[in-house]
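S.K.: Predicted model and sequence below, questions to follow.
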Amino acid sequence: MPRQARLDYSGAYHHVMSRGFKREAIFKDEGDYLYYLDCFDRFKDQGYKIIEYCLMPNHTHMLIQTGEEVRLQKILKSINTRYAVYKSKKRDFPGPVFQGRPKSILITGSEYLTTVARYILRNPVKAGLVNEINKYKWSSYKLLAKLKTPDWYDDSIVLGMFSSNQANAIKLYKDFIRKPLREDDKEYPLELFNRIAVGNKMIFEKILRKLKKDKRKIGSREINGEKIISTILEENRLKIETIQDSNSKKVVEARRRIVYVMKEICHKESSEIMKYLKIRKSALSNYVNEIYRKIQKKDLKLEEIHRI
């Protein structure tokens, strides 16, 4: 049976899992864990950002966003191959370190990132390695609230889902991760498509149509962001200058939609969106949070945004 092709494009979010061969330990001492983390740093020029990670004794979890040029397959191969070479030399005999290629699940829709991040960080408690998340040494939980973090780590999009104020966002995020799940809470996002993607079904189907149309162009930016934004402006009888300078109710609503389109459909970097709309990072986070609140409350239907 042929392997399922990875769904990937610039700026995509993935939950990645790597298991040890025959479920054997990947990490046996502190040096192993540190070397794997060094692999993240070694290949940071490939442009990815790791939002959260957890290194378990016999498997790893990463919530990762790909960059502009390098696709997920190359990133994972770079990291795991370097570690496998190190491990083979250390134990002084050849043989596989990992069980096949890493498993990756495409996360569609930023509102699902927090649930996936929580699942990753709760792994040590679920496995019985520790009784409190903050006691586990080899996850990114310890990086929360740190003034200086590695270049390859970026949890800003997850924190932005909770509050535009960083200190408040960190507190709310930690509460979200640590509090016991209610009966109606899901440990993992509800919808899982063929075990290769999870999240918003409409976004997922849109991505599938796009990739199936021309497989050779996977990772390209075919979507014309300028045309989509022009349509939003025309529908509201606005000009880009007005969007940048005014804060009327009509303008703010249009700006929210533009932020969503640029981020979720065109996969633009936050810095590019801020520069285009002449807004600060705190404002960008507010717009993202507000539009998802509207979607979740059904005040705004996703098809209203995706119909263009």
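M.R.: Happy to help now that I have it. What you see is a predicted model; the values in this text were computed from it and never measured.

S.K.: how much space between Ile240 and Leu233?
M.R.: 7 Å (Cβ to Cβ, to the nearest Å). C-beta: built from backbone N, CA, C; applies to glycine.

S.K.: Ok, Ser163 next?
M.R.: 29 Å.

S.K.: Ok, Ile75 next?
M.R.: In terms of Cβ to Cβ, Ile75 sits 36 Å off from Leu233.

S.K.: Gly31 too?
M.R.: From Gly31 across to Leu233, the span is 56 Å (Cβ to Cβ).

S.K.: Show me which of those two is the more surrounded one.
M.R.: Neighbours were tallied for Gly31 and for Leu233 using other Cβ atoms under 10 Å; the higher tally belongs to Leu233 (16 against 11).

S.K.: What strand or helix carries the more buried one?
M.R.: helix 225-235 (DSSP states H and E).

S.K.: and that helix, what's its mean pLDDT?
M.R.: Mean pLDDT, computed over helix 225-235, is 74.

S.K.: Going forward, the N-terminal residue is numbered 524.
M.R.: Done: numbering now begins at 524, and the last item shifts to helix 748-758.

S.K.: next structured bit after it?
M.R.: Using DSSP H and E, the first helix or strand after helix 748-758 is helix 763-768.

S.K.: Would you state the helices of the chain in chain order?
M.R.: Remark: helices assigned in the chain by DSSP state H are 553-565, 595-614, 636-644, 646-649, 679-683, 689-701, 724-736, 748-758, 763-768, 772-783, 793-800, 804-819, 825-829.

S.K.: Could you say which of the ones you listed is packed most deeply?
M.R.: Across the helices of the chain, the average number of neighbours (mean count of other Cβ atoms under 10 Å) peaks for helix 636-644, which reaches a mean of 23.

S.K.: Remind me what it packs against, helices and strands.
M.R.: strand 536-542, strand 572-578, strand 582-588, helix 679-683, helix 689-701 (3 or more Cβ pairs under 8 Å, 6 or more residues apart in numbering; DSSP states H and E).

S.K.: Please render these as TSV that adds distance to Ser627 and mean pLDDT to the earlier fields.
M.R.: Listed next are those as TSV, based on distance: least, Cβ to Cβ, whole Å; pLDDT from 0 to 100:
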stretch	distance to Ser627	mean pLDDT
strand 536-542	5	92
strand 572-578	13	96
strand 582-588	9	95
helix 679-683	18	89
helix 689-701	22	92
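
S.K.: Now tabulate these in JSON lines and tack on distance to Leu636.
M.R.: As requested, the helices and strands packed on helix 636-644 are exported to JSON lines (distance: least, Cβ to Cβ, whole Å):
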{"stretch": "strand 536-542", "distance to Leu636": "6"}
{"stretch": "strand 572-578", "distance to Leu636": "7"}
{"stretch": "strand 582-588", "distance to Leu636": "7"}
{"stretch": "helix 679-683", "distance to Leu636": "6"}
{"stretch": "helix 689-701", "distance to Leu636": "11"}
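
S.K.: So for Asn646, which of these sits nearest?
M.R.: Of all the helices and strands packed on helix 636-644, it is strand 572-578 that lies closest to Asn646, at 4.9 Å by Cβ to Cβ.

S.K.: What angle do helix 553-565 and that closest one make with each other?
M.R.: Between strand 572-578 and helix 553-565, the angle comes out at 170 degrees (axes from the mean of the first three to the mean of the last three Cα atoms, to 10 degrees).

S.K.: Which of the helices and strands in this structure ranks last by mean pLDDT?
M.R.: Least confident element among the helices and strands of the chain, by mean pLDDT, DSSP states H and E: helix 825-829 (a mean of 46).

S.K.: which residues does Leu586 contact?
M.R.: Residues counted as contacts of Leu586 (Cβ atoms under 8 Å, 6 or more residues apart in numbering) are 536-539, 573-576, 630, 636, 639-640, 643.

S.K.: Farthest pair within those residues?
M.R.: Tyr576 and Ile630 (14.6 Å).

S.K.: Show me which of these two is the more surrounded one.
M.R.: Ile630 (27 against 24).

S.K.: pLDDT score for the more buried one?
M.R.: So Ile630 comes in at 85 (pLDDT).

S.K.: Not including adjacent chain positions, what is the nearest residue to it?
M.R.: Tyr536 (4.2 Å; Cβ to Cβ, 6 or more residues apart in numbering).

S.K.: Double-check that neighbour against Ile574; I have them as touching.
M.R.: Yes - counting by Cβ atoms under 8 Å, Ile574 is a contact partner of Tyr536 at 7.5 Å.
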